[in-house]
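Trainee: Below: sequence and its predicted model.
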Amino acid sequence: MKMNELGRTGIMVSELCLGSMTWGTQNSEAEGHEQIDYALDHGINFIDTAEMYPTTPLSAETQGDTERVIGTWIANNKSRRNDVVLATKVTGSGYKDVREGEPISSATISQALEASLKSLQTDYIDLYQLHWPNRGSYAFRQSWTFDPTAQDTILTLEHMEEVLDALDGHVKSGKIRSVGLSNESAWGTANWLRIAQGKDLPRMASVQNEYSLMCRYFDLDMAELCHHEGVGLLSFSPLACGLLTGKYINCKGDNRPKGSRADVSNASLGGRWNDIAHAAVEAYAAIAKKHNIDMTQMALAWCLTRPFMASVIFGATSMAQLENSIKAANLQLSEDIMADILSAHKKFPIPY
């Protein structure tokens, strides 16, 4: 498994990262532990979670259970804690099941960090991320109506400095090794970096944004910024919530495979379920069939080719899925495959 530096931190992470948001709902504690063991045994050293997980579905009753699944694994494998780069996130404004929807602040960071450390049964977090900006984001199909003109520039910049000051204290105490962003924009990322440099505060090492064959907003301004500033992308939903596995082909309309995410928690797959998206999936499936390769592995391997990629976060609800996805690290995409992928992208540039 190839290892990449996480930003400019010196921390090395595997190019594939094990996502965890099904642990506690679709996956039991024992299944989560089995996935961790298998991933570590096959070269993955990076696990991503969040205080609000699991998400399949989201609920007040299960909030935090994913971190607790990881925590019991750590408690049972104390000698392996340093083998794992563990990332989690503080929840932002609007999600009522966590601190009644309070926005991110120095106070909520302290509360969230202590709760995560307790749930994870660890003394430190390797990468502590801001789940989404207080000011709003164009992620998760909010790009359709995104309007930044209501944002207050001065208050936003003051908030960034306050948060970085708070994170600095936790870094100095040893509770956090590095910090990162999620669902951020180019303007936001640039200002987090600018303030950190000017005030000698922790520097954002990574940004966790959606990225896949079917969601490529990152290719433009964010790619340029991250190249010049040494910030790595941690791509989430690289399989487009399962669309790019091919399991939803021929499942248009209200037809949802039993037990799938589209069946148990999110019928629209977060706004991804539409006729154009299904047509794009069929185009990528045809490429995989033409070249006799696994569609899931092709989608993940393509993400691994991107020059700004620090790690590709993927999840699994079965060991068969996990085993298959990890094989993407050994799949080399030929020039012909890459050319076919580019042709499909030009035909379906923004399918959702």
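Mentor: Received the coordinates, thanks.
Trainee: Can you name the residues that contact Q332?
Mentor: Neighbouring residues of Q332 by CB atoms under 8 Å, 6 or more residues apart in numbering: A301. Where you see a C-beta, it was placed from the backbone N, CA and C, and this is true even at glycine.
Trainee: Now it: which helix or strand?
Mentor: Here Q332 sits in a region with no helix or strand, counting by DSSP states H and E.
Trainee: I'd like to know the phi and psi angles of it, please.
Mentor: phi -100, psi 120 (degrees, to the nearest 10).
Trainee: Likewise for G180?
Mentor: Here is the backbone geometry of G180 (degrees, to the nearest 10): phi -150, psi 170.
Trainee: looking at it, I313 is touching L233, isn't it?
Mentor: No. Between I313 and L233 there is no contact under CB atoms under 8 Å: 10.1 Å.
Trainee: Spit out the residues that contact these two alike.
Mentor: The contact lists of I313 and L233 share Q208, where a contact means CB under 8 Å, 6+ apart.
Trainee: any idea how far Q111 is from D41?
Mentor: Separation of D41 from Q111 (CB to CB, to the nearest Å): 35 Å.
Trainee: for K290, same thing?
Mentor: The gap separating K290 from Q111 is 52 Å, by CB to CB.
Trainee: Just the buried residues of stretch 269-282, please?
Mentor: 269-270, 272-273, 277-278, 280-281 (16 or more other CB atoms under 10 Å).
Trainee: Can you flag which of the residues you listed belong to helices?
Mentor: 277-278, 280-281 (DSSP state H).
Trainee: Backbone dihedrals for the closest residue to L269 other than its chain neighbours, please?
Mentor: Excluding its sequence neighbours, the residue lying closest to L269 (CB to CB, 6 or more residues apart in numbering) is C241, at 4.2 Å. Backbone torsions of C241, given as degrees, to the nearest 10, read phi 60, psi 30.
Trainee: of all the ones in helices among the buried residues of stretch 269-282, which two lie farthest apart?
Mentor: Across those, the longest distance by CB to CB is 7.3 Å; it joins H278 and A280.
Trainee: burial of E61, as a residue count?
Mentor: Residues lying near E61 (other CB atoms under 10 Å) number 7.
Trainee: next one: phi and psi at it?
Mentor: Main-chain dihedrals, E61, degrees, to the nearest 10: phi -70, psi -30.
Trainee: where's it relative to G24, distance?
Mentor: Counting by CB to CB - E61 and G24 are separated by 10 Å.
Trainee: how close does R141 sit to I249?
Mentor: Counting by CB to CB, the gap from R141 to I249 is 22 Å.
Trainee: could you list every residue that touches the residue sitting nearest the centre point of the chain?
Mentor: The chain has F236 as the residue nearest its centroid, 3.4 Å off, counting by CA atoms, centre = their mean. With contact taken as CB under 8 Å, 6+ apart, F236 is in contact with 19, 48, 208-211, 313.
Trainee: which residues does it form a beta bridge with?
Mentor: Taking DSSP bridges as the rule, F236 bridges to E210.
Trainee: can you list contacts of whichever strand or helix holds H33?
Mentor: Here H33, judged by DSSP H and E, is contained in helix 29-41. Contact partners of helix 29-41, identified using CB under 8 Å, 6+ apart, comprise 18, 20, 23-24, 27, 47, 66, 69-70, 72-73, 76, 80, 83-84, 316, 319, 322-323, 326.
Trainee: ok, now how distant is the closest residue to G101 other than its chain neighbours from T72?
Mentor: Of all residues not flanking G101 in the chain, G94 sits nearest, at 5.2 Å (CB to CB, 6+ apart). Computed as CB to CB, the G94 to T72 distance reads 30 Å.
Trainee: Between those two, tell me which one has more neighbours.
Mentor: The neighbour count for G94 versus T72, taken as other CB under 10 Å, is higher for T72 (16 against 12).
Trainee: Assess the claim that the more buried one and S119 are in contact.
Mentor: No. Using CB under 8 Å as the test, T72 is too far from S119 to be in contact (9.7 Å).
Trainee: Show the residue spans covered by the helices in the stretch 1-150 of the chain.
Mentor: For the stretch 1-150 of the chain, the helices defined by DSSP state H, counting those that start in this stretch cover 29-41, 65-76, 106-120.
Trainee: average pLDDT across the second one?
Mentor: Which is helix 65-76. Across helix 65-76, the average pLDDT comes to 98.
Trainee: Could you name the helices and strands sitting against it?
Mentor: Other helices and strands packing on helix 65-76, by 3 or more CB pairs under 8 Å, 6 or more residues apart in numbering; DSSP states H and E, are helix 29-41, helix 106-120.
Trainee: circling back: can you report how many residues lie near the residue nearest to L269?
Mentor: Number of residues near C241 (other CB under 10 Å) recorded here: 23.
Trainee: do you know how far it is from E31?
Mentor: In this view, C241 and E31 are 20 Å apart by CB to CB.
Trainee: thinking again about what came up before, whichever of the contacts of helix 29-41 end up buried, select them in PyMOL.
Mentor: Applying 16+ other CB under 10 Å to the contacts of helix 29-41, the buried members can be selected in PyMOL as follows:
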select buried, resi 18+20+23+24+27+47+66+69+70+72+73+84+316+322+326
